[in-house]
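In: Build me a model:
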Amino acid sequence: MMGSRNDARRGVGSAFLLGILLIPACDQFRPDRRDLTLPAIEEVRRIYAEQGQEASEIRYSGNVIEIRAVQSADQLQRGGELWARVGPYIHLFTPATRDVMQTYPGVAAVRAITRTSNGREIARAMLVNDSLGTAQWARAINLLGRAVTEGTERPMRMQELVRFGEQHTEYSYSRDFVNSRSRP
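Out: Below is the predicted model of the structure:
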């Protein structure tokens, strides 16, 4: 009786050890698994820089890329709440963000945070990876281009970008800069 118990324990132990040794081979059984490796932050910064997006700081917070940008006091004085609201979307709906998300599916989201020059947060918005399809990305980039080129003369262009951003992101605005009752 004692021999059969020891044999059973050895069999369970051998099966456990074999299972541990086979774990690295699991990728060969599931070749459709996506590579969720995060790019080096230097690579992310390079992608944004190549596309002309200068931000104060780009870093990781877990598997979320954070873009922290300073928004000028002049913009906030001239544009008021609308400029406070549009700030994060100017940095978020860019070809660089689209390219990073499509190339690196391990990036869970990109969060844009705008601040004043003395560090007070104005607004933030987070876009989750895979939340925009090809047509929605095209629309986002188009809205961004119009807001940047026509927004000063036609504030409606910035309002359109804000509305789109509020529909597709998790966002918040500082009460110091945006009256919560006002809508774009």
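In: Can you pull the domain assignment for this structure?
Out: Following automatic domain parsing, the chain resolves into domains at 1-33, 41-173.
In: Give me the distance from the helix or strand that L161 is a member of to the chain's centre.
Out: Here L161 sits within helix 155-168, counting by DSSP states H and E. For helix 155-168, the separation from the chain centroid amounts to 18 Å (computed by Cα atoms, centre = their mean, to the nearest Å).
In: pLDDT of it, averaged?
Out: When pLDDT is averaged along helix 155-168, the result is 96.
In: What degree of burial does S174 show, as a neighbour count?
Out: S174 has 15 neighbours, counted by other Cβ atoms under 10 Å. Bear in mind the C-beta positions are built from the backbone N, C-alpha and C, glycine included.
In: go on, A73?
Out: If you count neighbours by other Cβ under 10 Å, A73 ends up with 11.
In: ok, now R157?
Out: Based on other Cβ under 10 Å, the number of other residues close to R157 is 20.
In: What of P155?
Out: 17.
In: and what of A138?
Out: 12.
In: Return the list of helices and strands in contact with the helix or strand containing it.
Out: Per DSSP H and E, A138 falls inside helix 134-150. When contacts are defined as 3 or more Cβ pairs under 8 Å, 6 or more residues apart in numbering; DSSP states H and E, helix 134-150 packs onto helix 73-92, helix 95-103, helix 155-168.
In: Make CSV from these and add distance to R175 to it.
Out: Below are these laid out as CSV (distance: least, Cβ to Cβ, whole Å):
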stretch, distance to R175
helix 73-92, 11
helix 95-103, 27
helix 155-168, 17
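In: Looking at these, spot the one closest to L38.
Out: Closest to L38 of the helices and strands packed on helix 134-150 is helix 95-103 (Cβ to Cβ; 10.2 Å).
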